[in-house]
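Peer 1: turn this into a model:
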Amino acid sequence: MLLHASMFQSQKHLRLTSRCLFYGFFTSFALTLRGVHAADNSTDSQVESLLSQMTLDEKIGQMVQVDSSALATGDVQKYFLGSVLSGGSSDPAAGNSPQAWLNSVTVFKNEAVQTRLKIPLIYGIDAVHGHNNIEGAVIFPHHIGLGATRDPKLIQQAEHVTAEEVAGTGIRWAFAPCLAVVQDEHWGRTYESYGEDPGLVSELGAAAVRGFQGKQLSADPISVLACAKHFIGDGGTKGGVDQGNTVCDEDTLRRLYLPPYRAAIKAGVGSIMVSYSSWNGARMHGNKYLLTDVLKGELGFKGFLVSDWAAIDQISGRYQYDVQQSINAGLDMIMIPYGPNHRNNFVEFITDLKELVAEAKVPQARIDDAVRRILRIKFQLGLFHEAATDPKLTEAIGSPEHRAVARQCVRESLVLLKNDKHTLPLSKTIKHLAVVGEAADDLGVQCGGWTIDWQGRKGTVTPGGTTLLAAIRQTVSPGTTVTYSADMSGAVDPDAIIVVVGEQPYAEMKGDRKSLSLSAEDAALIAKAKATGVPVITILYSGRPLILDAALDASDAFVAAWLPGTEGMGMADVLFGDAKFKGKLSRTWPRSNEHIATGDTSEEPLFKYGFGLTD
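Peer 2: Numbers count the residues shown, from 1 in each chain. All right, here's what the predicted structure looks like:
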């Protein structure tokens, strides 16, 4: 109750006031709804007017998205292209700075408005944990870490920061969030998922959509189109194989994998990317039942569907048939990485689709529906009257204010798995602290895949970040000696040892693993630290739970840090007691490789879903 009954003189007064409150709310809601409907009607009218003026060439052009590296000067204008993207390693020729990106994107956008109808371009990019392709941008924890925060408000705030940085390079479409509900950690994209529970993924995914787009898509320059991906079942492929086959009945598909998309649609998501994977052997990019009947029909999705990178090519291997099957199944925009010097390129797609329409193998109504959906989003984003990018947005990329949000995300994502004898937090006045492990001073390992390069890489991948070693040195007292060595060679008579270990950077395709055991080198390093007899604190960087075996026993404290991104100070905040551990496992932590491989529920997990110590 907002108001207590004792505030009123009589029950009659209470009933009257309640009725007034109800009617006031109802009237306000109705007026708001009327305004939304009016805006929708206005947009629909604009879309229909423009659609009626378009030729078939112009319509098909809107359905094509090409990687920037495959385009020659003038191609956007010549082929009426509706969208351009930059893949994971498709940087501008002039460099990877925010200004270079803004300049490159602006060139493509300017070409689009030189066409007959001046239909604007929408530019897309994989901003999956921050604006991660851009040097100097803030890199947030990957989704698996954000899932451990259990904090939808924080996730919304993080994606709002990402939207601001994306908008600062002239881009208004981010291929995020990933809504996979991963069931098998062997999959190399596990870290792109918030967790194994559809309820958690639904809640955090919807928050991410609101962070990118705002309460609804709008002409606000930092309203960035979100893209829920990858529809559907990509987290359930057999054996965790990337682009593999999800084998389950429809009830299971709906129970495990559909809820996050229902939540994202309710949050207003404007685009959805279709999965490479198959369901019971049928490629998702050709599945009309799921794409059209379920997603667009049953769930009422009004935005547009985009394919994944060259994904329609996998339907049958016969390109024109693949074009026909994917468009008839409900795909609205096709992502094509290739230019005319490569098979299955964007010119070939345009030619094939025109022939299919002429032969009535793809109905004109299906073309119109696809283009209508794309144009509607462009009008909602205000792209037809978009102003030049505000320099303040570009200047804010990597700002201290943005880094502060990422630092909070790191603090809240850390999961304390073990803390014998209250080893943590460490004292800032500890006399001698030894930090060991190559990963302790490697920003690329700390960030993981999808960082500057598609697969990520080791080393100083981007300016502005802080490794854990640097953060520790900034946190301890002036009287503390901090020594560092990759192999324990510098750890002479320390009072405590922090060992930092974990996976090397990887992304999709190359990240699948048959064994998830901690590497022999990492296990040996932890054992060597334990042999000194001083307290050992192990920090694990990983995109998924790993099989720890003796490494857990050899550690007095053990922290799952996931892939925390550029803000190492967030880890130091918690290790030294400026903040408490809050993270809870968003995935069950398996005890053995056999447990994962067989799905044997008779074996107790090492740590249950939701586990996380606070001290």
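Peer 1: quick one: low-confidence parts of the protein?
Peer 2: Residue ranges of the chain with pLDDT under 70: 1-39, 597-602.
Peer 1: go again using 90 as the cut-off
Peer 2: Across the chain, residues meeting the criterion (pLDDT under 90) sit at 1-42, 88-89, 490, 593-603.
Peer 1: spit out the contact partners of Gly382.
Peer 2: Listed by C-beta atoms under 8 Å, 6 or more residues apart in numbering, the contact set of Gly382 reads Ser218, Ala219, Asp220. In short, each C-beta sits where N, CA and C put it, glycine included.
Peer 1: before we move on, what about Leu200?
Peer 2: Contacts for Leu200 (C-beta under 8 Å, 6+ apart) come out as Gly147, Arg150, Tyr194, Ser586.
Peer 1: for Asn280, grab the count of nearby residues.
Peer 2: Residue neighbour count, defined by other C-beta atoms under 10 Å, stands at 12 for Asn280.
Peer 1: returning to what we had before: for the contacts of Leu200, which one is nearest Leu443?
Peer 2: Closest approach to Leu443 among these (C-beta to C-beta): Gly147, at 22.4 Å.
Peer 1: among the contacts of Leu200, name the buried ones.
Peer 2: Gly147, Arg150, Tyr194, Ser586 (16 or more other C-beta atoms under 10 Å).
Peer 1: the last one against Ala148, yeah?
Peer 2: This means Ser586. Yes: here Ser586 reaches Ala148: they are 5.2 Å apart, a contact under C-beta atoms under 8 Å.
Peer 1: contacts only, for the closest residue in space to Gly339 that isn't next to it in sequence.
Peer 2: Nearest non-adjacent residue to Gly339, counting by C-beta to C-beta, 6 or more residues apart in numbering: Ala70, 3.6 Å away. Taking C-beta under 8 Å, 6+ apart, we find Ala70 in contact with Ile336, Pro337, Tyr338, Gly339, His342, Asn345, Phe346.
Peer 1: can you list residues touching both of Ser586 and Ala148?
Peer 2: Counting by C-beta under 8 Å, 6+ apart, the residues touching both Ser586 and Ala148 are Gly195.
Peer 1: not counting sequence-adjacent ones, nearest residue to Trp562?
Peer 2: Using C-beta to C-beta, 6+ apart, the nearest residue to Trp562 is Gly145, at 3.6 Å.
Peer 1: got the contact list for that neighbour?
Peer 2: Contact analysis of Gly145 by C-beta under 8 Å, 6+ apart lists Tyr191, Cys409, Val410, Ser413, Ala561, Trp562, Leu563, Pro564, Gly583.
Peer 1: quick one, phi/psi of it?
Peer 2: Per-residue torsions, Gly145: phi -70, psi -40 (degrees, to the nearest 10).
Peer 1: what about the closest residue to Asp126 other than its chain neighbours, neighbour count?
Peer 2: Closest residue to Asp126 apart from its sequence neighbours, by C-beta to C-beta, 6+ apart: Phe175 at 4.7 Å. Phe175 has 23 neighbours, counted by other C-beta under 10 Å.
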